[in-house]
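*Asks:* any chance you could fold what I've pasted below:
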Amino acid sequence: MVTLKDIAEKANVSIATVSRVLNNKAGSIGISEKTRQRVLQVARELDYQPNRLARSLRMGKTLKHILFIYVIGSQDDFFLHPFYHHMLHGVQLEAAKQGYYLSYVGLNAETQDAVLNLIDGEASGIISWGKIPDEVAERIASQRLPLIAIEPYREFKDIDYGSIYVDNDLAIKQALEFLVTCGHRRIGFLSEAGPELAQFEERRVAFEKWISHYGLEIFPTQQLLVGSTPEPNAYWRGDLSGLKAWADAPTAQRPTAVITSNDLAAISVVRHLKRLGWQIPRDLSVVGIDDIALSVFNEPPLTTVRIPQEEIGILAVSLLDEILRNGCLDRVEHRVKTKLVVRETVKDLNVGGLTDADQ
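*Replies:* From the prediction side, this is the model:
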């Protein structure tokens, strides 16, 4: 992406001079016609493309169209998944409140060309979820569009962007701290496998960190990865065959509690173990992460760590709106805080009973 600095260096003038020439202010401040023509010639040679946001502000108007791009295996997965549904609802609410027209598109190998065409359209800014491939990132950069990226798990070159992440370290700390307080010492972790699921990997790393912090040992059978097939959300679709390793483990190595990478995994674990004759939380305490609506209707109701799903969507639009109103593209990173929600799937080993519900 060609910048004003690039033009200034090649034309041997200051960045301020380049800015004034390209904004048609040269004559009013004494820049010679010769210098103006040299700057314009260099800009043409370098194929300089003006920032769409700056261009709209110069014309006295602000574009009001947000393009939401979500990276997912299929469109159905995104809209039906209870976590992302609420996040998208937050985007919709805030976009309507701020007067933005919102369009959204799923990004995968089959739809990438269509997404590139949409980026070339008249969007004023982009909100994304997931890890954007290089070609799409390069197109956003070439159009000089502001970007708010939700859990991108990558850096962007030549893009002024803000990013939003869940504080996964805090989420795991809250879950583990609660279990330790309830007397648990053999605590397992269940996560979906796959390098593309960076947020789950971040939670696994945090689990190992906080297990060490509390002086607890990680047994070989205490970390279980499911979904090693190419299809994501294997536990959601009932593939929990690996859980048998826990059920068959010697008592001294079997966890008394488990933290899962998300609520769908936790709900699936509870359902699967109940079919094997286990009682939750008598035989195993379970803590999820997300606090999706289904967690309340689980039997028993699921203890979990709440991620403010709708608020993430609202924050994304608010940050993008601030950029568009102020014409400022400062790079920022936000870590969204989580909160423990205690229900009925954790046994307090200190007293032999259940924890208080819904603290």
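*Asks:* residues in contact with the residue most central in space within the chain?
*Replies:* Note on the chain: the residue nearest the mean C-alpha position is Glu151, at 2.4 Å, using Cα atoms, centre = their mean. Neighbouring residues of Glu151 by Cβ atoms under 8 Å, 6 or more residues apart in numbering: Trp129, Gly130, Ser163, Ile164, Tyr165, Val166, Ala198, Gln199. Bear in mind the C-beta positions are built from the backbone N, C-alpha and C, glycine included.
*Asks:* take those residues and keep only those in helices.
*Replies:* Judged by DSSP state H, the contacts of Glu151 include Ala198, Gln199 as members of helices.
*Asks:* now the contacts of Glu151 as a markdown table including distance to Arg306, pLDDT and neighbour count?
*Replies:* A markdown table is the format used below for these (distance: Cβ to Cβ, whole Å; pLDDT from 0 to 100; neighbours: other Cβ atoms under 10 Å):
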| residue | distance to Arg306 | pLDDT | neighbour count |
| --- | --- | --- | --- |
| Trp129 | 19 | 91 | 26 |
| Gly130 | 21 | 89 | 22 |
| Ser163 | 21 | 94 | 22 |
| Ile164 | 16 | 96 | 21 |
| Tyr165 | 16 | 96 | 18 |
| Val166 | 11 | 97 | 24 |
| Ala198 | 21 | 86 | 17 |
| Gln199 | 15 | 89 | 18 |
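*Asks:* output the contacts of Glu151 as TSV; include the columns distance to Arg325.
*Replies:* TSV is the format used below for the contacts of Glu151 (distance: Cβ to Cβ, whole Å):
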residue	distance to Arg325
Trp129	23
Gly130	26
Ser163	20
Ile164	19
Tyr165	24
Val166	26
Ala198	31
Gln199	30
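*Asks:* off-centre distance for the helix or strand Tyr104 falls within?
*Replies:* Tyr104 belongs to strand 101-107 when assigned by DSSP states H and E. Averaged C-alpha coordinates place strand 101-107 at 16 Å from its chain's average position (Cα atoms, centre = their mean, to the nearest Å).
*Asks:* same deal with stretch 199-207?
*Replies:* So, by Cα atoms, centre = their mean, the centroid of stretch 199-207 is 14 Å from its chain's centroid.
*Asks:* just the CA coordinates of stretch 273-293, formatted as CSV?
*Replies:* Coordinates of the C-alpha atoms in stretch 273-293 are reproduced here as CSV (Å, rounded to 0.1, in the frame of the first residue of the first chain):
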residue,chain,number,x,y,z
LEU,A,273,-21.5,-39.4,30.9
LYS,A,274,-25.1,-39.6,32.1
ARG,A,275,-25.6,-42.2,29.4
LEU,A,276,-22.8,-44.2,30.9
GLY,A,277,-24.5,-44.1,34.3
TRP,A,278,-22.5,-41.3,35.8
GLN,A,279,-24.2,-38.7,38.0
ILE,A,280,-23.2,-35.0,37.6
PRO,A,281,-21.7,-33.5,39.8
ARG,A,282,-21.4,-36.5,42.1
ASP,A,283,-19.1,-38.4,39.8
LEU,A,284,-17.6,-35.5,37.9
SER,A,285,-17.8,-31.7,38.3
VAL,A,286,-18.0,-29.8,35.0
VAL,A,287,-17.3,-26.1,34.2
GLY,A,288,-17.9,-24.6,30.7
ILE,A,289,-17.0,-21.4,29.1
ASP,A,290,-19.3,-19.0,27.2
ASP,A,291,-22.6,-19.0,29.2
ILE,A,292,-24.8,-19.7,26.2
ALA,A,293,-28.6,-19.9,26.7
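*Asks:* show me what counts as buried in it.
*Replies:* Leu273, Ile280, Pro281, Leu284, Ser285, Val286, Val287, Gly288, Ile289, Asp290, Asp291, Ile292 (16 or more other Cβ atoms under 10 Å).
*Asks:* closest one of the residues you listed to Val71?
*Replies:* Within the buried residues of stretch 273-293, the smallest distance to Val71 is 18.6 Å, found for Asp290 (Cβ to Cβ).
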